[in-house]
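# Need coordinates for the following:
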Amino acid sequence: MSIQQQKNRPDEAFEREVVRFLRDNPAFFDHHPELLADMVLPHDTGGAVSLLEKQLSVLRDQKRELRARLNRLVETARQNELLIERIHRLTLALLDADSLDAVLAAVRGQLEDNFNADAVTLRLFDLPAAQAQRLAASHGELLADGEALMEAFARSIRGCKPVCGRFTPPQLELLFPATGAAPIASMALIPLCTDGDRESCWGLLAIGSRDPARYHVDMGVMFLDLIGGILSRVLRPRLGG
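Have a look, this model is predicted:
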């Protein structure tokens, strides 16, 4: 503040009264618009601008921010619409599947084609003896050691809800054994549960990506939860036994 400005500045008590008055009377300048043209505010460049110019600048900044937020909301809505459409296709494909092989083909095909999955793994465990025996003879690759899987992912599977992120190499190896191709770096893990309870978990659907940023811990899992619920309902009757 310059010496001249200091001399022209009213005392602090009077300033407080003015501030209080303006706050209590926000429409004051509506009744005295001529004062706005005479008021100046410090400018970043060292010059001065009128209060009207300053208000216009603030309004323009707010408009840009609101427009950016609106664009983000529109993009999110567009992405959600695409996801709903893809889940609809997956649901129809599963409903049309009349055998276990058809269910497995639908899951793998839809996730790879429409969800950009680099790898899809389904593992089942803790099944009734008759189902396990039947699967061992026809689809032994689906059966897994439930204790090993639950121990490896117990901290991840809470409330039988899907989780996303980067997992440890031993965890990834359990679901995506090395094949010579680029390794899976991130995945979405979807538990298959009977009663929405971890204790009733009888399978895991893992969707893997070679991109470490494809699935991350901050992702929403609502749509993955829908996939898990649909697959559980369709898959269980196809296991027979």
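# Specify the residue ranges that define each domain of the chain.
Here the domain assignment for the chain is 3-65, 117-238, based on automatic domain parsing.
# so where do the helices sit in the chain?
With DSSP state H applied, the chain shows helices at 3-8, 12-24, 28-31, 51-96, 100-114, 129-138, 146-153, 169-175, 222-238, listed in chain order.
# Now do the contacts for the nearest residue to N114 once chain neighbours are set aside.
Closest residue to N114 apart from its sequence neighbours, by Cβ to Cβ, 6 or more residues apart in numbering: R86 at 4.4 Å. C-beta here means a position set from N, CA and C on the backbone, and glycine is covered the same way. Residues near R86 by Cβ atoms under 8 Å, 6 or more residues apart in numbering: Q110, N114, F115.
# Relative to D24, which of the residues you listed is nearest.
F115 (58.0 Å; Cβ to Cβ).
# Below-threshold pLDDT in the protein: ranges please.
For the chain, the stretches with pLDDT under 70 are 1-10, 34, 36-52, 179-180, 195-199, 241.
# again, only this time at 80
Residues of the chain meeting the criterion pLDDT under 80: 1-10, 29-30, 32-58, 155-159, 178-181, 194-199, 240-241.
# before we move on, the earlier item: got the helices of the chain as TSV, with distance to W202 columns?
Below are these laid out as TSV (distance: least, Cβ to Cβ, whole Å):
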stretch	distance to W202
helix 3-8	77
helix 12-24	64
helix 28-31	69
helix 51-96	17
helix 100-114	15
helix 129-138	10
helix 146-153	8
helix 169-175	16
helix 222-238	8
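# looking at those, which is closest to G208?
Taking those one by one with Cβ to Cβ, helix 169-175 is closest: 7.3 Å.
# Next, the buried residues of the closest one.
Residues of helix 169-175 classed as buried by neighbour count (16 or more other Cβ atoms under 10 Å): Q171, L172, L174, L175.
# Stretch 89-98 now?
L90, T91, A93, L94, A97.
# residues in contact with that stretch?
Here stretch 89-98 makes contact (Cβ under 8 Å, 6+ apart) with 102-103, 105-107, 109-111, 114, 227, 230-231, 234, 238.
# now do stretch 181-188
Taking Cβ under 8 Å, 6+ apart as the rule, stretch 181-188 contacts 118-119, 162-167, 172, 175-176, 206-216, 219, 221, 224.
# for stretch 116-134, same thing?
Contacts of stretch 116-134 from elsewhere in the structure, counted by Cβ under 8 Å, 6+ apart, are 104, 107-108, 111-112, 135, 142-146, 149-150, 175-176, 184, 192, 201-211, 214, 239-241.
# what about that stretch, start to end distance?
Stretch 116-134 has an end-to-end distance of 32 Å (Cα to Cα, to the nearest Å).
# Could you pull out the buried residues of it?
By 16+ other Cβ under 10 Å, the buried positions in stretch 116-134 come out as 117-125, 127, 131-132, 134.
# Then stretch 207-227?
Using 16+ other Cβ under 10 Å as the test for burial, stretch 207-227 gives I207, G208, S209, R214, Y215, M219, V221, F223, L224, D225, L226, I227.
# Make CSV from those residues and add distance to E53 to it.
Below are those laid out as CSV (distance: Cβ to Cβ, whole Å):
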residue, distance to E53
I207, 54
G208, 56
S209, 51
R214, 47
Y215, 48
M219, 44
V221, 48
F223, 48
L224, 51
D225, 52
L226, 52
I227, 54
